[in-house]
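1. mind folding the following:
(one chain, ligands or ions: 2)
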Amino acid sequence: MPAVRENQAQFRALGVSGAPAAGRLTTCFALGDGLVVDTGALVHGQAPAESAAVTDILLSHSHLDHTLGLPFRLGHGELRVWGLKETLDAVRQHLLGGDIWPDLSATASWNEVQAGAELEVAGWKVHTHRCSHTVPCLAFALERGGRKLVIVGDTRVDEGLMTWVASQEAPACVVECSFPDRVSDVAVRFGHQTPRDLRSWRAALGSDTRMYVTHVKPSARDETLGECRALQDAGLTVLEQGDAFPL
Ligand SMILES: [Zn+2]
Ligand SMILES: [Zn+2]
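-> Residues are numbered from 1 along each chain as shown. Ligands and ions are numbered 1, 2, ... in the order given. Next up is the predicted model:
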């Protein structure tokens, strides 16, 4: 594995939308040049050289807004895909089975990850924990050279998950907030959160952890963002597509 230059250790939000819309790409976070978490914006949100430089993909779960770009990346160089067995099976059977797109799955390596596992991916130490979603889904704590970030996949409120994230003592955490409080019943049914749930996260994480909110559904974005602002949580930032910060 080639050494990663210091200036590559950057978090970039390539896609943060909870569903596609004009100008809005879905979940995809880059850590440096070689690693992405989820592939909602892989390839179609990148220059060709940028997507070709990605060598490792961590998949939180199989839903299309998180796996959309993956088929288009296959066949363009070395690639390792990491995820739960259920996630990898679903992607290979349904997305890469030959009907939706030519089956190029043999051009990548598929690496099963257990919930609770500790592994090394693209120079990052990765710890995983299960989220509480409608399909099996993971949260990732990523650490390299003393820098740490937690990226939580799609989830409804889950005390065990929040306790695990707090135990990572990361300075920053990416957490989803999909719907406005008005439709919290819908959020729960589809395994998602609303702004009032972020209060539970703040209580669990304490005041020192910066929370980056993601996965807002574009259909009620203004309402959801208004409710996030009304929380008056100075440590909370709603991620915008293209946001980047050093790790
Ligand atoms: Zn999902
Ligand atoms: Zn999603």
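
2. can you name the residues of the protein sitting close to ligand 2?
-> Residues of the chain lying close to ligand 2 (CB under 5 Å from the ion) are 63, 65, 154. For the C-beta atoms, the positions are set from N, CA and C on the backbone; glycine is no exception.

3. secondary structure class for the second one?
-> Reducing the assignment at residue 65 to three states with DSSP: H, G, I helix; E, B strand; the rest coil gives helix.

4. ramachandran coordinates for the nearest residue to it once chain neighbours are set aside?
-> Nearest non-adjacent residue to residue 65, counting by CB to CB, 6 or more residues apart in numbering: residue 26, 3.8 Å away. Backbone dihedrals for residue 26, given as degrees, to the nearest 10, come out at phi -90, psi 180.

5. residue 26 contacts residue 42, correct?
-> No. Taking CB atoms under 8 Å as the definition, residue 26 is not a contact partner of residue 42, at 10.1 Å.

6. where does residue 246 land on pLDDT?
-> Each residue has a pLDDT score; the one for residue 246 is 88.

7. swap that for residue 146, sorry
-> Predicted confidence (pLDDT) for residue 146: 89.

8. what about it, distance to residue 243?
-> Counting by CB to CB, to the nearest Å, the gap from residue 146 to residue 243 is 22 Å.

9. of those two, who's got more company?
-> A count of neighbours by other CB atoms under 10 Å puts residue 243 above the other of residue 146 and residue 243, at 16 against 6.

10. which stretches in this protein count as strands?
-> 10-15, 28-31, 35-37, 56-58, 80-83, 109-112, 118-121, 124-130, 138-144, 147-151, 172-176, 210-214, 236-238, 244-246 (DSSP state E).

11. okay, now the sheet partners of the fifth one, with direction.
-> The strands that strand 80-83 pairs with in its sheet are strand 56-58 (parallel), strand 109-112 (parallel) (by DSSP bridges).

12. can I get it in PDB, CA atoms only?
-> Presented in PDB, the C-alpha positions along strand 80-83 are these (Å, rounded to 0.1, in the frame of the first residue of the first chain):
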ATOM      1  CA  ARG A  80     -12.000  -3.800  -3.100                       C
ATOM      2  CA  VAL A  81     -15.500  -3.700  -1.700                       C
ATOM      3  CA  TRP A  82     -16.200  -4.100   2.000                       C
ATOM      4  CA  GLY A  83     -19.600  -4.700   3.600                       C
END
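
13. same question for that strand, mean pLDDT?
-> 98.

14. show residues contacting it.
-> 55-62, 70, 88, 91, 108-113, 119, 121, 126, 138 (CB atoms under 8 Å, 6 or more residues apart in numbering).

15. would you list the buried entries among these?
-> The neighbour count (16 or more other CB atoms under 10 Å) marks 55-62, 70, 88, 91, 108, 110, 113, 121, 126, 138 as buried among those.

16. what's the spacing between the residue nearest to residue 21 when sequence neighbours are not counted and residue 224?
-> Distances taken as CB to CB, 6+ apart put residue 218 closest to residue 21, at 3.8 Å, once the chain neighbours are dropped. From residue 218 over to residue 224 the distance is 10 Å, taken as CB to CB.

17. settle it for me: which of the two has more neighbours?
-> Taking other CB under 10 Å, residue 218 and residue 224 do not tie; residue 224 has more neighbours (26 against 16).
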